[in-house]
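Trainee: A predicted structure for the sequence below; I have some questions about it.
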Amino acid sequence: MSRVKASRFVCQACGFASTRWLGRCPNCQGWNTLVEERETSIPAGGRVRPGEGQPAEMVWLDNVPGANAPRLGTGLPEFDRVLGGGLVPGSFVLIGGDPGIGKSTLLLQAAATLSRTKPPVLYVSAEESAAQIKLRATRLGVPGQGLGVLATTQLEAVEAAIRKLKPAVAVVDSIQTLWSEGLGGAPGSVGQVRECAAHLTRIAKTDGVVLLVVCHVTKDGLLAGPRTLEHLADCVLEFEGDRHHLYRILRAVKNRYGSTSEIGVFEMTGAGLREVAELGDLFLPNDGSPLAGRAVAACMEGSRPLLVEIQALTATAAYGMPQRRASGLDSNRLAILLAVLEKRMGYRLGAADVFLNVAGGLLVEEPAADLAAAMAIVSAFKDRPLARAALVGEIGLSGEVRAVIHLDRRLEEAARLGFKHAVIPQANRDTLGAAPKGLEIEGAADLAQAVERALA
């Protein structure tokens, strides 16, 4: 039966399909994102037939055997921490990050370790040749025994290699450069990425192989390709950091087998990525000298307390519209803090440029860093340094300092790093038991009290 060749225009940002080209996608409002794709449609005059195979059978939940299969350790404890304890057999793990951040380096180091503990391991590179991978492995000092390398962009070749080698783990670098000869469109198009990912997911589930797949990101930092890509994956990881800084942060955005609140910290060296198991004062100032616009926030990253330095700078606006810039913090949160400081505290920040930065390139998302960010802004605005204190608390719209969780662990970490003073929400202070030895703790019910206790 003959098949009809169909042509459609697909948005490369959201996957919207149209029978004709449009300058602007009506779904995501993106300009010039529709690209023509030719594919084979259903047989003329026929109907789509369901896939062949054994029909699925219903089972009672009580009779389902427990999934107690041991996890596969990658040899990188920081990587395993983010995964929830290691790789789960049959899982599809997606790793995204900016170009040059170290995704391929991380996966090659993990693959080399796994090739010794759970051989064989397959490394598929659709972007580099086998010789280039060998050069990187030599630079990293990782052995190649038990590690197979396949340099191809064809999905069918990847499937054949997995069926033949039967590896415990397979790395695919990257999904945007794979293509299937049975589909229309260029590699990286929405249709190719979606179908290649779906096919790899079926391989992972049926063969029990762990698939570690690299995914490109857009200029906005989002995973490139259709949103379906993230839904198909069992675990979505983001490898972030500034290439001009030494440290890289690995965090989970989605994890069906563990928590999404853990992070892994790595240091980029000439010999590859080195784990930073003990964070300590990693994100604190080296000198400790009192300077205006610097505050220390006691944060929690997953199960680990972390003290970070938040820097602020205020200046008279040189243009008509004041600038508000935040690096490492949510810019929307910065706008809220500035509005609260102006309305509740009377600080005239409406005509000032305000810049906020988290030292070390770390991304802080929890609202418990509000108090430190606000005190850094106040310190910069008054040009008065803050006392050396650990600050923690969420700020409400009425200017109150709200309670936070895991306060005891934050304070213990502050005391361990030599802090003698801490400012916390008054609600936490009223219920707090014994304070860590050598740490003086003051409570603040609102911003006015916090400023009084935090300024030197």
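Mentor: Received the coordinates, thanks.
Trainee: residue ranges with poor pLDDT in the chain?
Mentor: The chain contains residues with pLDDT under 70 at 1-6, 38-55, 65-69, 243-244, 286-288, 456.
Trainee: so how far is the longest strand seen in the chain off the chain centroid?
Mentor: Using DSSP state E, we find that the single longest strand of the chain is strand 304-316. Computed by C-alpha atoms, centre = their mean, to the nearest Å, the chain-centroid distance of strand 304-316 equals 21 Å.
Trainee: in it, what's buried?
Mentor: Of the residues in strand 304-316, 304-314 count as buried by neighbour count, 16 or more other C-beta atoms under 10 Å. Where you see a C-beta, it was placed from the backbone N, CA and C, and this is true even at glycine.
Trainee: before we move on, what about stretch 441-456?
Mentor: Neighbour-count burial for stretch 441-456 [16+ other C-beta under 10 Å]: 441-447, 450-451, 453-454.
Trainee: what's the most distant pair in these?
Mentor: Spatially, the most separated pair among those is Ile441 and Leu447, at 18.2 Å (C-beta to C-beta).
Trainee: returning to what we had before: farthest-apart pair in the buried residues of strand 304-316, please.
Mentor: Arg304 and Thr314 (31.8 Å).
Trainee: so Lys219 sits in a helix?
Mentor: No - the assignment for Lys219, made by DSSP: H, G, I helix; E, B strand; the rest coil, is coil rather than a helix.
Trainee: tally of neighbours for it?
Mentor: 7 (other C-beta atoms under 10 Å).
Trainee: angles on the backbone of it, please.
Mentor: Dihedral angles of Lys219 (phi, psi; degrees, to the nearest 10) stand at phi -70, psi -20.
Trainee: so who does Lys437 touch?
Mentor: For Lys437, the contact set (C-beta atoms under 8 Å, 6 or more residues apart in numbering) comprises Ala415.
Trainee: got it, and the one 4 residues further on?
Mentor: Residues counted as contacts of Ile441 (C-beta under 8 Å, 6+ apart) are 411, 422-424, 429, 432, 435.
Trainee: closest one of those to Leu200?
Mentor: Checking the contacts of Ile441 against Leu200 by C-beta to C-beta gives Leu411 as the nearest, at 46.1 Å.
Trainee: need the three-state assignment for the closest one.
Mentor: helix.
Trainee: for it, list the residues it contacts.
Mentor: Per C-beta under 8 Å, 6+ apart, neighbours of Leu411: 298, 390, 422, 424, 435-436, 439, 441.
Trainee: need those residues in a markdown table (columns: secondary structure).
Mentor: Formatted as a markdown table, the contacts of Leu411 follow (three-state DSSP):
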| residue | secondary structure |
| --- | --- |
| Ala298 | strand |
| Ala390 | strand |
| Ala422 | strand |
| Ile424 | strand |
| Ala435 | coil |
| Pro436 | coil |
| Leu439 | coil |
| Ile441 | strand |
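Trainee: give me every residue that touches the nearest residue to Asp430 once chain neighbours are set aside.
Mentor: Leaving aside its chain neighbours, Asp430 sits nearest to Gly443 (7.2 Å; criterion: C-beta to C-beta, 6 or more residues apart in numbering). Gly443 sits next to 423-430, 449 when contact means C-beta under 8 Å, 6+ apart.
Trainee: out of these, which are inside strands?
Mentor: 423-425.
Trainee: want to throw these into TSV with distance to Arg227 and neighbour count?
Mentor: Formatted as TSV, the ones in strands among the contacts of Gly443 follow (distance: C-beta to C-beta, whole Å; neighbours: other C-beta atoms under 10 Å):
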residue	distance to Arg227	neighbour count
Val423	42	29
Ile424	40	29
Pro425	38	25
